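# below are the sequence and a predicted model; questions follow.
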Amino acid sequence: MSYHYPGLFARGRLFYFRVRIPACLRLISRCDELSYSLGTSIYQEAIEKYHVEFAHLQAFLTILKEIIMKVNEDKKVVLDEADVDKLLLHRLEQIQAFLENNAEEIKAKRKTAADIILFPNGQKEADIRKLMTDMLIDYLKGLIDKNKANITLRTVYSQLKNKEIELGLAGEDDKYDWLKSFSTHINQLDHYAKKAIETERDEKTYTPRSAKVVSLLRTYDAMKTDERIHKSMSATHWEKFFKRYAAMKKHLKDSTQRCLYDNYLGVKLAFSLIDKEYVEDVTRQDCRTLCEKIYRVPRRWHQELTENKTVLDILRSDSNSQTLSKQTIKKHLGTFKEFMRYAVKEEIIPNSLNEFIDMPIKSDRKERKPFTNNELKKIFNPKNYPNPHLRNNQAKFWIPLIALYHGCRSNEICQLDVADIVREKNIPCISINNDGKDKSVKNRGSKRIIPIHPRILKMGFLYYVEYQRKNKQKKLFSELTYRKETGYAAIIQHWFARYLDSIDIKSPSSVFHSFRHTFETKAVEQRIPAEYQNAICGWTDQGIGQRLYAHKKDIRIMLEEISKINYPINSELKELQKSFMDSFVIRQLGAKE
């Protein structure tokens, strides 16, 4: 039963797709017909699948007819004049790709004509026959790498490569003329390549005189134009598909805006390094290229880009201290692999090609260490520490103190709103949340409410909060500015790095995040239970029971536990407290110590 759709049949409860193979292609396909189940018993679903399969079949037969006219009884792949022109056009594509991809190396004379021409010393008939076979194999391999080759084309490729069949020419009686003609055109393309390289090096222009080369160039330009038009209409641009990917991550994984922005940068970097725009165009060779070039990307690559400068223009000569860390490379490659897996799931591409992406095995990330007691004395020495009498020093004054006594991440503190200073059971607390487009948390476990340490309260922190509230400031640290890629923390992190350098704390492992490690070390020393450490710091490496009931921690017990955190810097803090209580904040509020 065909239901008015040729090739659509019902057998039992399922619908099948069946079509006969044209006689001229049966020697290649080794079968008379294709027949397989559509996997549905519903007529409307079968019609939808039928249209898809029929379109795939027609495209496949068109490609097959264009590439290989027939395989004769002598097991020879027979090509005619049009097929030979396709091989010559394929050769021109290789030359153009070489010129485009090696422009800088050509100008520097690191790449020469010898790297691209085929026959520098002339050629014999046997050489030409072998060359044509190799070009056909390479052409088919290119289709396979681009996921555009059906199983039949893969079979022909395999048989040619394994010499089970060989190349023949239409009109075997006059094959010498064909070979001579092909030889002439190859020589002309080699000459074009030499002249193009010379003019590229001398920054001149070259116009070929060969009618064949001119004709091939016109065909090549028209083909590229058609490709661009077709892609703009039907192919999937990576940025467009990223919106679907980001929506999935936000819905299923509750990813934060900052996390999604990091994902965006990772995918953008990958497509920039392989110089592609469309998801369907990614090949296994692109994956290898990505894994080679990403180690030469500068650390702040997105800040170096301009209207006329791409990622490929700013690559370093080799991997060094100024290039991306292995930790960052691992993160970006992991994002790209997940992005490609999602493209397979959404039926954009048939293969994610993830097996061709090599992840860094060993991280070069430097271990961050806690501050020592002597270093804490240096950091909070009133002679060095930011003076709270200056209006623009409030963030620099309070943020390190909050980090030291609460173990918070830098951006968790920097992004705080005035409204995030709350009371739970009449206990002053800090609410870490992502309630706002300019706020983010690392993961679900990072959302939490922390009682404010008594030492911070004693230093007058709530006076500062009240000062910001009376001045109708939304942000607690209103002098900080927001950046999409780093949140509010960049200014503080950069300032603190300079500050440590100025007080002779120059270890690469000593950074703002060291406050978090300092808090963790002190919490272990004071034997604060692990579940309370996790609840205070927002760590997620905890047991299932702790994850389920972390939100039920009694705020009064949390206050008891966090109050155990103390450091031998009392004299320094007393001086800082005195300085703040004499500041403009207290004077404006009319408060007294």
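Thanks, I have it.
# just the strands in the stretch 401-550 of the chain please.
For the stretch 401-550 of the chain, strands defined by DSSP state E, counting those that start in this stretch occupy the ranges 421-424, 427-432, 448-451.
# just name the most buried of those.
strand 448-451 (a mean of 22; mean count of other C-beta atoms under 10 Å). Where C-beta positions appear, they are placed from N, C-alpha and C, glycine not excepted.
# hang on, the earlier thing: tell me which of the strands of the stretch 401-550 of the chain lies nearest to Asp275.
For these, the distance to Asp275 is smallest for strand 427-432, at 41.3 Å, taking C-beta to C-beta.
# so what are the sheet partners of the closest one and their directions?
Using DSSP bridges, strand 427-432 pairs in its sheet with strand 421-424 (antiparallel), strand 448-451 (antiparallel).
# Lys470 and Val585 touch, don't they?
No - between Lys470 and Val585 there is no contact under C-beta atoms under 8 Å: 10.1 Å.
# more neighbours: which of those two?
Neighbour tally, Lys470 and Val585, criterion other C-beta atoms under 10 Å: the higher count belongs to Val585, 20 against 11.
# what's the domain layout of the protein?
Following automatic domain parsing, one gets these domains for the chain: 1-67, 75-233, 238-356, 373-589.
# of the strands paired with strand 427-432, which approaches Trp495 most closely?
Judged by C-beta to C-beta, the one of those that comes nearest to Trp495 is strand 421-424, at 22.9 Å.
# ok, now which ones touch the closest residue to Tyr482 other than its chain neighbours?
Closest residue in space to Tyr482, ignoring its immediate chain neighbours: Asp438 at 5.0 Å, by C-beta to C-beta, 6 or more residues apart in numbering. Listed by C-beta atoms under 8 Å, 6 or more residues apart in numbering, the contact set of Asp438 reads 415, 482, 487-488.
# so which residues of the stretch 151-300 of the chain form helices?
Under the criterion DSSP state H, counting those that start in this stretch, the stretch 151-300 of the chain contains helices at 151-161, 175-202, 211-234, 238-253, 257-273, 284-293.
# distance to Ala523 and mean neighbour count for those helices - can I get that in CSV?
Output for those, formatted as CSV (distance: least, C-beta to C-beta, whole Å; neighbours: other C-beta atoms under 10 Å):
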stretch, distance to Ala523, mean neighbour count
helix 151-161, 60, 17
helix 175-202, 63, 17
helix 211-234, 56, 13
helix 238-253, 29, 14
helix 257-273, 26, 20
helix 284-293, 40, 17
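# any stretches of the stretch 401-550 of the chain with poor pLDDT?
485, 540-550 (pLDDT under 70).
# make it 90
Across the stretch 401-550 of the chain, the ranges flagged by pLDDT under 90 are 434-447, 482-487, 490, 506-510, 529-535, 537-550.
# quick check, nearest of the contacts of Asp438 to Glu104?
Out of these, the member with the shortest distance to Glu104 (by C-beta to C-beta) is Gly487, at 36.8 Å.
# please report how far the closest one lies from Phe242.
For Gly487, the distance to Phe242 equals 21 Å [C-beta to C-beta, to the nearest Å].
# same question, Phe397
To Phe242, Phe397 is 40 Å away according to C-beta to C-beta.
# pull out the buried residues from the strand or helix carrying Phe98.
Secondary structure assigned from DSSP states H and E places Phe98 in helix 81-101. Using 16 or more other C-beta atoms under 10 Å as the test for burial, helix 81-101 gives 83-89, 91-96, 98-99.
# again with stretch 302-318
311, 315.
# which residues touch that stretch?
Contact partners of stretch 302-318, identified using C-beta under 8 Å, 6+ apart, comprise 265, 269, 272-273, 275, 293, 296-298, 301, 322-323, 485.
# any weak-confidence spans in the stretch 251-400 of the chain?
The stretch 251-400 of the chain contains residues with pLDDT under 90 at 251-262, 277-278, 280-289, 292, 296, 298-328, 343-369, 390-392.
# can we see that at 50?
Along the stretch 251-400 of the chain, segments meeting pLDDT under 50 are nowhere present.
# cool, and the stretch 1-150 of the chain?
Low-confidence segments of the stretch 1-150 of the chain (pLDDT under 50): 1-3, 27-28, 67-69.
# and the helices in it, which stretches?
Under DSSP H, counting those that start in this stretch, the stretch 1-150 of the chain gives helices at 26-29, 43-67, 81-101, 103-107, 125-145.
# which of the contacts of stretch 302-318 sits closest to Lys506?
Nearest member of the contacts of stretch 302-318 to Lys506, counting by C-beta to C-beta, is Gln322, at 18.3 Å.
# for the contacts of Asp438, pick the one with the most neighbours.
Counting neighbours by other C-beta under 10 Å, the top entry in those is Gln415, with 26 neighbours.
# who's in contact with that one?
Gln415 neighbours (C-beta under 8 Å, 6+ apart): 438-440, 475, 487-489.
# if we go to 6 Å?
439, 487-488 (C-beta atoms under 6 Å, 6 or more residues apart in numbering).
# among the residues you listed, which lie within helices?
Assignment to helices by DSSP state H places none of the contacts of Gln415 there.
# using JSON lines, lay out those residues together with distance to Thr372.
Below are the contacts of Gln415 laid out as JSON lines (distance: C-beta to C-beta, whole Å):
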{"residue": "Lys439", "distance to Thr372": "33"}
{"residue": "Gly487", "distance to Thr372": "29"}
{"residue": "Tyr488", "distance to Thr372": "28"}
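# now, which of those sits nearest Ile503?
Distances from Ile503 to the contacts of Gln415, taken as C-beta to C-beta, are shortest for Tyr488 (24.0 Å).
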